[in-house]
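# my questions concern the predicted model and sequence given below.
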Amino acid sequence: MIRMHNIPEHIKEALKPYYKDGEKPDVFPSKFRIKNELYYYFTFAPAVEQLIMKDDGTVPVLHEIRDVALICNSYNDSIESLASIGKKWVQSGKKENYEKLRNILRDAQEMLSPLPDDVEAAFHSYLNTANQIIENQNAIQEAVDDAIIIWDRTNLQEIAT
């Protein structure tokens, strides 16, 4: 994993002019390989600015790396969203709550059978809604798991492609 303490010295030196006192530079834990070129992606907390630097220490102007900036920002935002927001959602217990609701509905439907057609339809609608929420929660879980695998792999390899 790339961290500020283990980036090459020429990159550390090239970075110095780009941040102010009170800002703490941080590097994305992997380089980005885009169109066969390597880039570092930096942030400067508490500021919201980012900097993209080539592996040789040069900083291209935006119009030269617009696509690279888009890819780096999108990758970073998607990983952060899935790893933080998605993970909290998965751990919220929503799936388990809806599984309990589904079981309660099934039990109630059995115990109260036969039901009038309109009540039966309402039960099916409510049950289908719970099933759909459970499916969506499973999809969220899968996306979060996949994001963590990608994050771990790119951190280990120190390259995001």
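Received the coordinates, thanks.
# and the strands in the protein?
24-27, 31-34, 37-45, 50-54, 159-160 (DSSP state E).
# give me the packing partners of the second one, helices and strands only.
In terms of contact count using 3 or more Cβ pairs under 8 Å, 6 or more residues apart in numbering; DSSP states H and E, strand 31-34 is assigned the packing partners strand 37-45, helix 62-80, strand 159-160. Yep, even glycine has a C-beta here, placed from its N, CA and C like the rest.
# out of the ones you listed, flag the one nearest Leu115.
helix 62-80 (45.4 Å; Cβ to Cβ).
# related to what we said a few turns ago, okay, the strands of the chain in a markdown table with distance to Tyr75 and mean neighbour count next?
Written out in a markdown table, the entries for the strands of the chain read as follows (distance: least, Cβ to Cβ, whole Å; neighbours: other Cβ atoms under 10 Å):
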| stretch | distance to Tyr75 | mean neighbour count |
| --- | --- | --- |
| strand 24-27 | 14 | 16 |
| strand 31-34 | 7 | 19 |
| strand 37-45 | 8 | 19 |
| strand 50-54 | 12 | 18 |
| strand 159-160 | 6 | 18 |
